[in-house]
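**Q** could you work out the structure for the sequence below:
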Amino acid sequence: MIEFKNLHIEFNDKPLFTDFSLTVEDGDKVVFFGPSGAGKTTLLNCVLGFIRPQAGDVIVDGVVLNETTINTIRRKIAWLPQEFTLPYASVKEMVEAIFRLKVNRYLRVTHERILVEFSRLGLTEVLFEKRLSELSGGQRQRVMIAIAAMLDKKIVLIDEPTSALDPASTQIVISYIKQMEKKTVLAISHDRRFIESFDRSVEIR
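**A** Modelled structure (predicted):
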């Protein structure tokens with residue numbers, strides 16, 4: 001469970017959120033939508049501990065996020081920002097490096113499992129061998145969604161997962177996220193198709 005409890009956040013002495021509260025139950029898929037600059041990404045950054053509210057609390061699984069608990073909470077989260085720089089030459093190198101990290105080795109993700117997840121997202125086996133520079137923005141997004149699904153994380157935070165996708169690929173991603181049954185997903189989107197596909201959408205003004 002994720003709780004935003006009476007958050008008050010200001011930027012440049014102007015209130016962005018005043019007494020904002022929201023409860024996200026385990027397994028919920030919640031989409032934040034609204035105009036640019038309204039604070040959608042700020043809410044995700046609060047869950048990650050990158051931004052601290054002037055008042056109020058973010059509570060994850062009953063634990064208040066603070067300097068003492070932040071690392072424990074972050075270990076429960078997979079974070080997919082809208083823009084990211086990846087220090088790897090190829091898709092294969094990137095994916096294998098992520099699952100070789102000490103924190104992820106116990107997952108023992110096989111090559112076959114990776115290709116199954118790629119296929120579910122409309123990605124071909126050939127793409128696995130490509131250089132990252134050869135991928136389109138939409139392909140990069142879907143590769144990262146597949147990685148997030150394979151990581152043993154309770155919470156997935158996604159910023160604009162369909163911004164570079166055509167309608168058909170958008171529907172594939174929607175279906176894929178809906179099938180993350182044991183994961184709590186907080187997403188940000190300006191895509192009406194994406195917003196309307198989930199049971200819970202929260203407008204941030």
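**Q** nearest residue to Ile98 in space, please, no chain neighbours.
**A** Leaving aside its sequence neighbours, Ile98 sits nearest to Ile147 (Cβ to Cβ, 6 or more residues apart in numbering; 6.0 Å). Bear in mind the C-beta positions are built from the backbone N, C-alpha and C, glycine included.
**Q** for that neighbour, what are phi and psi?
**A** Torsion angles at Ile147 (phi, psi; degrees, to the nearest 10) stand at phi -60, psi -40.
**Q** for it, what are its contacts?
**A** Ile147 sits next to Ala78, Val95, Ile98 when contact means Cβ atoms under 8 Å, 6 or more residues apart in numbering.
**Q** where's the last one relative to Ile114, distance?
**A** What that stands for is Ile98. 10 Å (Cβ to Cβ, to the nearest Å).
**Q** who are the packing partners of the helix or strand bottoming out on mean pLDDT in the chain?
**A** Using mean pLDDT, DSSP states H and E, the weakest-scoring helix or strand in the chain turns out to be helix 91-100, at a mean of 88. Using 3 or more Cβ pairs under 8 Å, 6 or more residues apart in numbering; DSSP states H and E, the elements in contact with helix 91-100 are helix 137-150.
**Q** change it to 10 Å
**A** helix 111-120, helix 137-150 (3 or more Cβ pairs under 10 Å, 6 or more residues apart in numbering; DSSP states H and E).
**Q** of those, which stretch is the most buried?
**A** Comparing the helices and strands packed on helix 91-100 by mean neighbour count (mean count of other Cβ atoms under 10 Å), helix 137-150 ranks first with a mean of 21.
**Q** model confidence over the helix or strand just after that one, on average?
**A** Beyond helix 137-150 on the C-terminal side, the first helix or strand identified by DSSP states H and E is strand 155-159. The pLDDT scores in strand 155-159 average 95.
**Q** just checking, next helix/strand downstream of strand 155-159?
**A** Downstream of strand 155-159 (by DSSP H and E), the next one is helix 167-178.
**Q** flag every buried residue along that following helix.
**A** Ser169, Thr170, Gln171, Ile172, Val173, Ile174, Tyr176, Ile177 (16 or more other Cβ atoms under 10 Å).
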